[in-house]
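>>> Here you go, sequence then predicted model.
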Amino acid sequence: GSISPLNNNLVWNFVNAIGIDHQDPNLLYCGIGGIRKVNEVITHENFRVIKSTNGGATFIDFSTGLPALPVNYILTIESSDHLLFCATDAGVYYRKDGMTKWECFNTNLPKSAVTDLDYNYCSKELYASTYGRGMWKTKVSLPVETTENLYITQPTVWTSNMDIKTNVVINSGSTLTISTTVFMDADRKFVVQPGAHLIVDNGTITNTCNQFWTGIEVHGNYLLAQNPTNQGKVTIKNQSIIENAYEAIRVWKPQDWTKTGGIISAYNSTFRNNKRSIEYMPYHHYSTANPNIKIKNIGRINDCNFIWTDSYIEGKNVPFPAITMNHVNGVQIIGSTFRDDRTGIVVNTNRPKGIFTIDAGYKVLGRPLMITNSVHDYFSESNYDVSVFKNLYKGIEASNSNSQSTVTIDHCKFEDLYSGIERIPPP
């Protein structure tokens, strides 16, 4: 039954450990030290762990299956079934949703006093410190999965490092600003819904466990104009880093062709060691005054680096092109660098492409260093921050066989490539 208030029910001993659920701060557990006696007789199992679902206002006994000995530590594991480990004077016990009592967890662990616990999500190993018997570790074969999403429903700013083991969904009308380092578990992603905004401002989104995280999906509405109300938007700026993603930014909801049209604004930032950094999928919008006039995509990539290093997860395997575009028109890529710095790759055909497009219209330009230098008919590295393509298979490959869209390439530098610019079919 309910235990409230605590000071009237636990006068025999003290709270020795507290565990708080990773998703629900109102769900918490307290481990009780000492030994409970009634009329000098040890009472088994009662009041070893107590549980609250309302932030500590009331508690229930949650001790069935535990020995009548002190609880020294409670470890909550981020998982959909609320997996718990409990360190006691008689070893480690575990419990999760669906279980009616605690069970002994003694695989490669001593049945002695355990003082502390920790869990490595990458190696799936449990670490235990003991009183007098050293440190121990063991594999955890129990399923540790998180299927729940973290929903952003109001303006939110992350300024402290975050370890994310769920998908993060930014709801329409909400903004998430990241100005810290976010570590994403494998196969986890950000979803920016239409009308939502993800801002990475001098922040980093990276991976854990030497595995790709999924990336950012920017959902849109293919029937509507590009503005922050109709479309999802992602802004990457101020020396931010997006790295070690399978698809760093996908401007659509995969397999749903009605969810294209999202907006990308990337400035002065780095995309590093991604399988692919940006993927645009078909989106066209026309003037309401003249349905024959195509409105240009407002996507902008300015002063960004797209690089691969020897830390690339797949080693010397060939990544996807850094940027791909399929049936979009108007994206501008200005003053940016595309470079493969991996060592030991002798043949350039074993390197990635910088930009690959199908039936797309776009501009790849240098950035004028001064307003007065905005027009130059000759190549100038002193007046322009030129776009650079280096150590790649192909710098830019444009397949435009069915398109009337124009590709403009100006003030770009191509070095050590198999092919700088290639159009298919040739003009």
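All right, it came through fine. Numbers count the residues shown, from 1 in each chain.

>>> And residue 413, how close does it get to residue 423?
19 Å (Cβ to Cβ, to the nearest Å). The way it works is simple: take the backbone N, C-alpha and C, and place the C-beta from them, glycine included.

>>> er, residue 76 I mean
57 Å.

>>> Same question for residue 127.
In terms of Cβ to Cβ, residue 127 sits 57 Å off from residue 423.

>>> now residue 191
35 Å.

>>> Ok, residue 80 next?
Where residue 423 is concerned, residue 80 sits at a distance of 50 Å (Cβ to Cβ).

>>> Repeat that for residue 104.
The value you get for residue 104 to residue 423, if Cβ to Cβ is used, is 68 Å.

>>> cool, and residue 118?
56 Å.

>>> With residue 387 instead?
Separation of residue 387 from residue 423 (Cβ to Cβ) stands at 17 Å.

>>> again with residue 365
18 Å.

>>> Those two: which is more packed in?
The neighbour comparison of residue 365 against residue 423 (other Cβ atoms under 10 Å) goes to residue 365, with 21 against 13.

>>> which ones are touching that one?
332-335, 387, 408-412 (Cβ atoms under 8 Å, 6 or more residues apart in numbering).

>>> Residue 112 now?
89-91, 130-133.

>>> Give me the pLDDT for it.
Predicted confidence (pLDDT) for residue 112: 93.

>>> and what of residue 366?
92.

>>> And it, how far from residue 109?
Distance from residue 366 to residue 109, by Cβ to Cβ: 62 Å.

>>> Show me which of the two is the more surrounded one.
residue 366 (23 against 18).

>>> who are the neighbours in contact with that one?
Contacts of residue 366 (Cβ under 8 Å, 6+ apart): 334-335, 384-387, 410-412.

>>> Go through the helix or strand hosting residue 397 and flag the buried ones.
Secondary structure assignment for residue 397, by DSSP states H and E: strand 394-399. Neighbour-count burial for strand 394-399, counted by 16 or more other Cβ atoms under 10 Å, picks out 394-399.

>>> Is residue 280 in contact with residue 360, as I believe?
Yes - with contact defined as Cβ atoms under 8 Å, residue 280 and residue 360 form a contacting pair (7.4 Å).

>>> intersection of neighbour lists for those two?
With Cβ under 8 Å, 6+ apart, residue 280 and residue 360 have common neighbours 325-326, 328, 331.

>>> Provide a list of residue ranges in the protein with pLDDT below threshold.
Filtered on pLDDT under 70, the chain yields the residue ranges 1-12, 43-45, 370-381, 401-403, 426-427.

>>> any idea where the helices of it begin and end?
With DSSP state H as the definition, the chain shows no helices.

>>> centroid residue for it?
residue 184 (3.8 Å; Cα atoms, centre = their mean).

>>> which residues touch it?
Per Cβ under 8 Å, 6+ apart, neighbours of residue 184: 164, 205-208, 213-214, 245.

>>> Can you give me the distance of it to residue 244?
Distance from residue 184 to residue 244, by Cβ to Cβ: 9 Å.

>>> Can you pull the phi/psi pair for the nearest residue to residue 42 once chain neighbours are set aside?
In this structure, residue 42 finds its nearest non-sequential neighbour in residue 68, 5.0 Å apart by Cβ to Cβ, 6 or more residues apart in numbering. Residue 68 adopts backbone torsions of phi -80, psi 60, taken as degrees, to the nearest 10.

>>> What degree of burial does residue 68 show, as a neighbour count?
Neighbours of residue 68 (other Cβ under 10 Å): 18.
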